[in-house]
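1. 3D, please:
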Amino acid sequence: MKLREFGKFKEFNNEKILGFRNYIEEAWNKRYCLYDDSELYDNNLINKQQFLIFDGNKIKAKNYVGFISYEGEEVTIYPKVFEENIDKDILDEYLITNLMYWLKRSKRIKIPMVDTEVDLQKYDSFLEVLISIFSKYTFNLIYSKPYNCYEEIQEEVTYLKGRLNINRYLKENISTGKWNKFNTIHEPFLYNNKFNQIIKFVSKKLLNITEDKESKELLNKIIFILDEVDNICCNEHSCNEVKLNRLQDDYEIVLNFCDIFLKSTSLWKNNKEDKINFCFLIPMEILFEDFVFNFMKEKFNDKYKEITAQKSNLYLAQVMVDDKPLSNVFRLKQDIFLRDLNNNVTILDTKYKLLNKSEDKKYGISQSDMYQMCSYALRGGYNNLALVYPRVDGFHNDITYKINSGFNDELIEIKIIMIDYVLSYEKFMETDGRKIELHEFNDKNIERELIYKLNNEVDENE
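-> The predicted model follows:
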């Protein structure tokens, strides 16, 4: 089933709809292993799933994009910024390619995007992509850098080692006449530790799921390397028991993957070894804002001495009670704060909305968004601001709103920037979605648009 973000209702399998609703509620409560989207909702909505809208046995997508697998039923939710003419047979592959492009520059979505070669043309399942990345990265890591750690063990021994567990010794030994045996706590340096046990469990489970030959081979190698590690059963909370130090960033990536597999799938409680439920849905507003910010950090670090996300140094008002200042209220959060080498400030606000090129004058830009930008200008004294939108196909108008301030003679400019957030469909078809040129082509378009709009200059390579 293919659903468009904020598209139409479609019928789901009537026999499975109740179980599917329960699964979606469960997946909603576990989404924090991937991201924190609490800023999008008030307290009345955040505890009730916002992935889908249900109407009997019909479902409709909201603002989350990605993939759901439930008891053999496959649901793909693709973004509203996709063109209407995309071939449905390659829609999953095209969405996966875009997700990999967006997630590569996302820090708020906790999917470890490591530099591992993955041929996306091979997969129409995002789960297979994750398994491929996990198996390649984990094998290379545990082969070259085996994980050992000090792990606390409590045991009864005939000689004292580590430290004496006084409470248990008094209760279980002295009081029962076994004074010659000691309840001890010690921390040996172990290869057979909790983390390696989790890696082995996850690898064995994924081995039964993946259909990719290369992933199977690598997972078998991981299991072989961990042959001396105990076989244990893990659950969705197991990764919380592992504590890594700051020098183990490489293993933090593996731990994150294991946590995602255990929480975003039914991996740990699944009885059908080759079938699992899987839910990977991403809020597009957060992904878009995060992509733009990290793109700016990567490409324009030499042009700006400050590039800050979610800067909240301003309040809209001060409360006065009986002519005495009480507190500042209505905190203003600027999506992206830029300060150039000459201390000139630019405020960017990302808006994951589709502009309407046929609408007269306002082009679908909401009045509330313009009021928001004016509040930044008023309180911060800024006169260079921009709203950033995904580009709508064929919409290349150069739009700027000029506002005459009533307080002084300064002119406030609010620019409209549209970026090629979605990978070119034509280029995707030409390159089979595989070649790195596809990403580079998009990057150059975005960079050119930002250079032109923010600095009023044209890229030399244009």
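2. worst mean pLDDT across the helices and strands of the protein, which element?
-> Sorting the helices and strands of the chain by mean pLDDT, DSSP states H and E puts strand 189-190 at the bottom, at a mean of 60.
3. check which element follows that strand along the chain.
-> Downstream of strand 189-190, the next assigned helix or strand under DSSP states H and E is helix 194-207.
4. name the helices or strands packed onto that next one?
-> helix 126-144, helix 213-225, helix 249-264 (3 or more CB pairs under 8 Å, 6 or more residues apart in numbering; DSSP states H and E). The way it works is simple: take the backbone N, C-alpha and C, and place the C-beta from them, glycine included.
5. for Leu52, give the beta-bridge partners.
-> Ala61 (DSSP bridges).
6. any idea how far it is from Asn43?
-> 21 Å (CB to CB, to the nearest Å).
7. these two - which one has more neighbours?
-> Shown here are Leu52 and Asn43; by other CB atoms under 10 Å, Leu52 has more neighbours (20 against 7).
8. which of the helices and strands packed on helix 194-207 comes out lowest on mean pLDDT?
-> Mean pLDDT is lowest for helix 249-264 out of these, coming in at a mean of 87.
9. which positions in that one come out as buried?
-> Of the residues in helix 249-264, 251, 253-264 count as buried by neighbour count, 16 or more other CB atoms under 10 Å.
10. Throw these into JSON lines and include distance to Tyr382, thanks.
-> Compiled in JSON lines, the buried residues of helix 249-264 are given as follows (distance: CB to CB, whole Å):
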{"residue": "Tyr251", "distance to Tyr382": "43"}
{"residue": "Ile253", "distance to Tyr382": "39"}
{"residue": "Val254", "distance to Tyr382": "44"}
{"residue": "Leu255", "distance to Tyr382": "42"}
{"residue": "Asn256", "distance to Tyr382": "38"}
{"residue": "Phe257", "distance to Tyr382": "42"}
{"residue": "Cys258", "distance to Tyr382": "45"}
{"residue": "Asp259", "distance to Tyr382": "41"}
{"residue": "Ile260", "distance to Tyr382": "40"}
{"residue": "Phe261", "distance to Tyr382": "45"}
{"residue": "Leu262", "distance to Tyr382": "46"}
{"residue": "Lys263", "distance to Tyr382": "41"}
{"residue": "Ser264", "distance to Tyr382": "41"}
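11. and the helices in the chain?
-> Using DSSP state H, the helices of the chain run over residues 17-29, 91-103, 126-144, 166-168, 194-207, 213-225, 249-264, 284-299, 367-380, 425-431, 437-455.
12. quick one: low-confidence parts of the stretch 1-150 of the chain?
-> 113-121, 150 (pLDDT under 70).
13. an error on my part: the question was meant for the stretch 351-462 of the chain.
-> Across the stretch 351-462 of the chain (using pLDDT under 70), the flagged ranges come out as 359-360, 394, 396, 432-436, 456-462.
14. verify the stated contact: Leu219 with Ser135.
-> Yes. With contact defined as CB atoms under 8 Å, Leu219 counts as touching Ser135 (5.2 Å).
15. shared neighbours of these two, anything?
-> Jointly contacting Leu219 and Ser135 under the rule CB atoms under 8 Å, 6 or more residues apart in numbering are 203, 206, 210.
16. nearest spatial neighbour of the second one, skipping sequence neighbours?
-> Counting by CB to CB, 6 or more residues apart in numbering, Leu206 lies nearest to Ile131, which is 5.3 Å off, once chain neighbours are set aside.
17. will you turn the shared contacts of Leu219 and Ser135 into a markdown table that also has distance to Ser312?
-> Listed next are the shared contacts of Leu219 and Ser135 as a markdown table, based on distance: CB to CB, whole Å:
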| residue | distance to Ser312 |
| --- | --- |
| Ser203 | 43 |
| Leu206 | 41 |
| Thr210 | 44 |
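18. closest to Ser405 among those?
-> Leu206 (59.5 Å; CB to CB).
19. and Asn343, how close does it get to Tyr304?
-> Counting by CB to CB, the gap from Asn343 to Tyr304 is 11 Å.
20. so for these two, which sits in the more crowded spot?
-> Per other CB under 10 Å, whichever of Asn343 and Tyr304 has more neighbours is Tyr304, with 19 against 8.
21. quick one: contacts for Glu128?
-> Glu128 sits in contact with 122, 210-212, 215, where contact means CB under 8 Å, 6+ apart.
22. how many other residues sit next to Asn344?
-> Neighbours of Asn344 using other CB under 10 Å come to 12.
23. hmm, it is touching Asn384, no?
-> Yes. Under the criterion of CB under 8 Å, Asn344 makes contact with Asn384 at 6.8 Å.
24. which of the residues in stretch 405-424 are buried?
-> Here stretch 405-424 shows 412-423 as buried, counting by 16+ other CB under 10 Å.
25. how long is it end to end?
-> This stretch, stretch 405-424, spans 40 Å end to end (CA to CA, to the nearest Å).
26. so how far is it from its chain's centroid?
-> 27 Å (CA atoms, centre = their mean, to the nearest Å).
27. switch to numbering from 113
-> With 113 as the first residue, the last one maps to stretch 517-536.
28. which parts of this protein belong to which domain?
-> 114-259+303-396, 264-299, 412-531 (automatic domain parsing).
29. His551 is nearest to which of the ones you listed?
-> Of all those, domain 114-259+303-396 comes closest under CB to CB, at 5.7 Å.
30. any idea which residue sits dead centre in the protein?
-> The centroid of the chain falls nearest to Ile221 when counting by CA atoms, centre = their mean (1.8 Å).
31. spatially nearest residue to that one, not counting backbone neighbours?
-> Tyr147 is the one closest to Ile221 (CB to CB, 6+ apart), at 5.1 Å.
32. check Glu137 too.
-> That would be Gln161: by CB to CB, 6+ apart, it lies 5.1 Å from Glu137.
33. number of nearby residues for that neighbour?
-> 20.
34. got it, and Ala173?
-> 25.
35. please apply the same query to Leu130.
-> 10.
36. so where do the strands sit in the stretch 413-562 of the chain?
-> Using DSSP state E, counting those that start in this stretch, the strands of the stretch 413-562 of the chain run over 416-433, 436-452, 457-462, 496-502, 511-516, 523-531.
37. circling back to that earlier point, the residue nearest to the centre of the chain and Gln162, how far apart?
-> Taken as CB to CB, the span from Ile221 to Gln162 is 16 Å.
38. just Asp532 next, same as before
-> 28 Å.
39. wait, which of the buried residues of helix 361-376 is closest to Cys345?
-> Leu374 (11.2 Å).
40. you'd agree the closest one is up against Val314?
-> Yes. Using CB under 8 Å, Leu374 is in contact with Val314, at 7.0 Å.
41. residues near the nearest residue to Lys411 once chain neighbours are set aside, how many?
-> Excluding the flanking residues, the one nearest Lys411 by CB to CB, 6+ apart is Glu559, at 5.3 Å. Here the number of neighbours of Glu559 (other CB under 10 Å) works out to 18.
42. only the buried members of the contacts of Glu240: can you turn that into a PyMOL selection?
-> The buried subset of the contacts of Glu240, as determined by 16+ other CB under 10 Å, is captured in PyMOL by this line:
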select buried, resi 322+324+327
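43. what is the burial count for Val433?
-> Neighbours around Val433, by other CB under 10 Å: 8.
44. typo on my end, it should be Glu186
-> As a burial measure, Glu186 scores 14 neighbours (other CB under 10 Å).
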